[in-house]
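*Asks:* Return a 3D structure for these sequence lines:
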Amino acid sequence: MLRTHFDVIVIGRGAGSSPIAYEMARKRRHVLLLEKGPLLRPQDEVPGTSIPSDFKRDELLATGAEKRITIDVGNRNRSMFCSHIEPDLNDEPHVYKEPGGQDYATIEGYTAQAVGGGT
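*Replies:* Below is the predicted model:
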């Protein structure tokens, strides 16, 4: 049966919230952890023997062309690879200004969308 009521709801699975959720679960509280990142499965939970673990990065296993930055920034049309735990720059850009005033998109400064965040 799918649980619909919880004692504790934790938003974000970072280094601060994960230990709190763990301690609450140890105290027999029903805990729901919410994270915007995907469900990452270890090798033994991925169906089929030839499918790699979800923890491996996309650019190491790419089956097609890399993505391109399509938003209106100085590095538009440049190659971009994002992993399972990093957002697509076209969807969630981090933008910085170069000394000349031009905006650029970067993956720098993101925290992972997985257990532990950027830690």
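
*Asks:* residue ranges with poor pLDDT in the protein?
*Replies:* Confidence mapping of the chain against pLDDT under 70 gives the ranges 37-66, 81-87, 109-119.

*Asks:* hmm, 90 instead?
*Replies:* Along the chain, the model assigns pLDDT under 90 to residues 1-3, 11-19, 33-71, 73-100, 104-119.

*Asks:* just the helices in it please.
*Replies:* Assignment of helices within the chain using DSSP state H yields the ranges 17-26.

*Asks:* Strands along that one, start to end?
*Replies:* Ranges of strands within the chain are 8-11, 31-34, 67-68, 79-80, 94-97, 103-106, based on DSSP state E.

*Asks:* Restrict the last one to CA atoms and write it as CSV.
*Replies:* Meaning strand 103-106. What follows is the C-alpha trace of strand 103-106 in CSV, where atoms were taken according to Å, rounded to 0.1, in the frame of the first residue of the first chain:
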residue,chain,number,x,y,z
ASP,A,103,26.2,37.0,-20.1
TYR,A,104,27.5,33.3,-20.2
ALA,A,105,25.8,30.1,-19.0
THR,A,106,27.7,27.8,-16.8
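
*Asks:* before we move on, the earlier item: so which of the strands of the chain is the most surrounded?
*Replies:* Ranked by mean neighbour count, the strands of the chain are led by strand 103-106 with a mean of 17 (mean count of other C-beta atoms under 10 Å). For every residue, glycine as well, the C-beta is placed using N, CA and C.

*Asks:* Tell me the strands beside that one, with direction?
*Replies:* Strand pairing for strand 103-106, using DSSP bridges, gives strand 94-97 (antiparallel).

*Asks:* Turn the strands of the chain into TSV, including distance to residue 23.
*Replies:* As requested, the strands of the chain are exported to TSV (distance: least, C-beta to C-beta, whole Å):
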stretch	distance to residue 23
strand 8-11	10
strand 31-34	9
strand 67-68	39
strand 79-80	39
strand 94-97	32
strand 103-106	36
